[in-house]
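> here's a sequence, model it:
(one chain, ligands or ions: 2)
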Amino acid sequence: KDAYRLSVTPQGAHLTSGGREGRLYGQATLRQLQDQLAAQPEGIPCGVIKDKPRYPWRGLMVDPARHFIPLADLKKFADLMAYYKFNKLHLHLTDNQGWRLPVPGYPRLESVASKRAETFGDGIPHGGMYTREELKELVAYCADRGIEVIPEIDVPGHNEALAAAYPEFFCFPKPDMKVRTVAGNSKELVCPQKPEVWKFYAAVFKELKDIFPSKIVHLGGDEAPTELWEKCPLCRQARAGAGMKDEQEQMRDFFARMTSLLAKNGQTPQFWYEGNAGIYHPGETVYAWRQDQARQSIDKTKKAGLNLIMASNEYCYLDFPQIQGQYNWGWMRTTTLRKCYELDPAFGKSPQETGHVRGVHAAAWAEHLPDLNHLLYRVYPRAMAIAEAGW
Ligand code: ACM
Ligand code: ZN
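Ligands and ions are numbered 1, 2, ... in the order given. The predicted structure follows:
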């Protein structure tokens with residue numbers, strides 16, 4: 001259904017396709033040809049293009065948690081995605097620096113978790129919350145362009161904004177917790193032993209189900225140091241009671257319970273892959289993101305029966321600087337356009353070894369991308385290379 005055939009003759013252009021997506025891709029190709037050749041009096045050359053994608057998954061992630069992205073800007077972002085035949089828009093809706101999804105019954109998400117006092121000491125308050133109507137409008141806008149919108153609710157970590165609003169969800173509640181104003185990781189994880197946590201996520205997932213026709217919910221699962229789970233009396237008791245030997249087993253159990261909760265709505269999870277295939281469950285889809293670990297991640301996930309989306313940060317993190325001398329915040333590797341074009345999602349391995357690789361995914365983390373201009377300045381032109389790597 002993704003394939004198309006575009007034939008151009010002196011009489012005109014003729015497009016056939018295996019399905020709706022193929023037609024959209026063929027139209028995108030025609031638009032690209034027109035844009036490139038508009039200045040030439042001869043117009044588009046005659047010929048035949050037979051085309052289809054290598055992978056079914058070609059995604060881009062934006063990060064409205066770190067800097068809110070208004071609906072109008074998300075639509076502009078989606079227009080460009082469609083032009084380059086991306087088909088998944090991933091919304092990173094929650095993080096330490098902000099929570100952007102309203103959930104009925106939890107008003108402090110809006111009044112507390114969606115706002116922060118400032119950003120990196122700039123003294124300027126920042127905030128934003130989508131309405132469910134705006135998100136539905138985005139979903140429809142993207143669907144018209146062949147793009148599925150994937151929401152992410154990051155658990156159990158990356159949750160200081162939630163902790164500021166609902167400290168009681170965490171192992172050691174801190175009533176003076178504030179929404180984070182700088183970058184960096186957090187030790188705060190939601191406590192799996194508190195019933196109110198499960199009640200909350202049931203409400204979150206129900207809301208997602210009502211807004212997003214996608215059955216996928218990205219659960220994050222990244223960068224969740226388990227020190228506080230280790231110390232928490234409730235967590236300790238639970239591990240002992242269930243005969244769990246360590247916090248990684250507790251993480252596996254936590255993911256399994258989250259997955260069951262999603263399953264009640266017909267939803268399935270995805271995760272950022274943390275290198276330990278044992279904490280996920282066969283059939284799940286994970287994203288390889290950690291630096292220089294793509295090759296081994298392909299093998300380990302294959303062995304564990306997982307599907308893999310290639311988002312390895314040395315190719316796919318498009319907030320990294322793309323030319324020497326562009327600011328790198330002291331740590332980001334320069335990731336050139338050439339480097340992005342070198343991405344092979346299968347890393348030269350055989351089809352037998354990589355049948356579980358579903359595609360490519362680039363991420364634009366936005367701690368340092370305050371608006372659409374900054375976002376597009378970093379994402380392009382490299383996103384074109386990532387799109388091509390997936391096609
Ligand atoms: C990630 O970059 N923490 C997925
Ligand atoms: Zn706990």
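> just checking, residue 129 touches residue 100?
Yes. The pair residue 129 / residue 100 is scored as a contact, 5.8 Å apart, by C-beta atoms under 8 Å. Glycine gets a C-beta too; all of them are placed from N, C-alpha and C.
> quick check: neighbours shared by those two?
68, 114 (C-beta atoms under 8 Å, 6 or more residues apart in numbering).
> for the two, indicate the residue with more neighbours.
residue 100 (25 against 18; other C-beta atoms under 10 Å).
> from residue 113, how far out is that one?
Distance, residue 100 to residue 113, using C-beta to C-beta, to the nearest Å: 9 Å.
> and residue 103, by the same measure?
10 Å.
> out of these two, which sits in the busier spot?
The residue with more neighbours, out of residue 103 and residue 113, is residue 113; 26 against 19, by other C-beta under 10 Å.
> list the residues that contact the more buried one.
Counted by C-beta under 8 Å, 6+ apart, residue 113 has contacts 98-99, 161-162, 164-166, 179.
> tell me which two of these sit farthest apart.
The distance between the two most remote of those (C-beta to C-beta) is 14.6 Å, for 98 and 166.
> among these two, which residue is more densely surrounded?
Using other C-beta under 10 Å as the criterion, residue 98 and residue 166 rank with residue 98 on top: 25 against 22.
> correct me, but the more buried one touches residue 179?
Yes. Using C-beta under 8 Å, residue 98 is in contact with residue 179, at 6.4 Å.
> got any residues that touch both of those two?
113, 115-116, 161.
> between these, which sits nearest ligand 2?
residue 161 (18.9 Å; C-beta to the ion).
> looks to me like that closest one is in a helix.
Yes. Counting by DSSP: H, G, I helix; E, B strand; the rest coil, one finds residue 161 located in a helix.
> quick one: contacts for it?
Residue 161 neighbours (C-beta under 8 Å, 6+ apart): 65, 94-99, 113-114, 116, 179-180.
> can you give me the neighbour number for the nearest residue to residue 244 once chain neighbours are set aside?
Sequence neighbours aside, residue 250 is the residue nearest to residue 244 in space, at 5.5 Å (criterion: C-beta to C-beta, 6 or more residues apart in numbering). Taking other C-beta under 10 Å as the criterion, the count of residues near residue 250 is 25.
> pretty sure residue 250 is in a strand, no?
No. Applying three-state DSSP, one finds residue 250 to be helix, outside a strand.
> that one and residue 235 touch, don't they?
Yes. Between residue 250 and residue 235 there is a contact at 6.6 Å, judged by C-beta under 8 Å.
> need the distance between the two termini of stretch 89-109.
23 Å (C-alpha to C-alpha, to the nearest Å).
> look up how far residue 74 lies from residue 130.
For residue 130 relative to residue 74 (C-beta to C-beta), the value is 9 Å.
> same question, residue 380
16 Å.
> helix/strand/coil for residue 111?
helix.
> what sits against it?
residue 165.
> before we move on, the earlier item: for the shared contacts of residue 98 and residue 179, which one is nearest residue 289?
Relative to residue 289, the closest of the shared contacts of residue 98 and residue 179 is residue 161; by C-beta to C-beta it sits at 21.3 Å.
> what pLDDT is listed against the closest one?
Predicted confidence (pLDDT) at residue 161: the value is 98.
> for it, give its distance to ligand 1.
With distances taken as C-beta to the nearest ligand atom, to the nearest Å, residue 161 is found 16 Å from ligand 1.
> please apply the same query to residue 180.
Counting by C-beta to the nearest ligand atom - residue 180 and ligand 1 are separated by 14 Å.
> surely that residue meets residue 187?
No. Contact criterion C-beta under 8 Å: residue 180 and residue 187 do not qualify, at 12.0 Å.
> give me every residue that touches residue 49.
Contacts of residue 49 by C-beta under 8 Å, 6+ apart are 4-7, 29.
> give me the buried entries from those residues.
Listed as buried from these are 4-6, 29; burial here means 16 or more other C-beta atoms under 10 Å.
> spell out which parts of the protein neighbour ligand 2.
The chain has residues 171, 191, 232, 234-235 near ligand 2, with proximity defined as C-beta under 5 Å from the ion.
> which one of these is nearest residue 41?
residue 191 (68.6 Å).
> and for the closest one, the neighbour number?
22.
> how about it, nearest residue that isn't a chain neighbour?
residue 171 (4.3 Å).
> neighbours around residue 264, how many?
11.
> list the residues that contact it.
Contacts of residue 264 by C-beta under 8 Å, 6+ apart are 202, 205.
> that older thread, and the contacts of residue 49 as a markdown table, adding secondary structure, pLDDT and distance to residue 352?
Output for the contacts of residue 49, formatted as a markdown table (DSSP: H, G, I helix; E, B strand; the rest coil; pLDDT from 0 to 100; distance: C-beta to C-beta, whole Å):
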| residue | secondary structure | pLDDT | distance to residue 352 |
| --- | --- | --- | --- |
| 4 | strand | 98 | 28 |
| 5 | strand | 98 | 29 |
| 6 | strand | 98 | 32 |
| 7 | strand | 97 | 35 |
| 29 | helix | 97 | 31 |
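> farthest pair within the residues you listed?
So, the contacts of residue 49 by C-beta to C-beta: farthest apart are 7 and 29, at 11.7 Å.
> so what's the backbone phi/psi at the residue nearest to residue 3 when sequence neighbours are not counted?
Setting aside the residues directly before and after it, residue 3 is nearest to residue 52 in space (C-beta to C-beta, 6+ apart), at 3.6 Å. Here is the backbone geometry of residue 52 (degrees, to the nearest 10): phi -160, psi 160.
> ok, residue 52 - contacts?
Residues in contact with residue 52 (C-beta under 8 Å, 6+ apart) are 2-4, 18, 22.
> for it, give its distance to ligand 1.
30 Å.
> can you check residue 203 too?
25 Å.
> give me the spatial nearest neighbour of that residue, chain neighbours excluded.
residue 103 (5.3 Å).
> the stretch 51-200 of the chain: helices as residue ranges?
71-83, 108, 132-144, 160-165, 195-211 (DSSP state H, counting those that start in this stretch).
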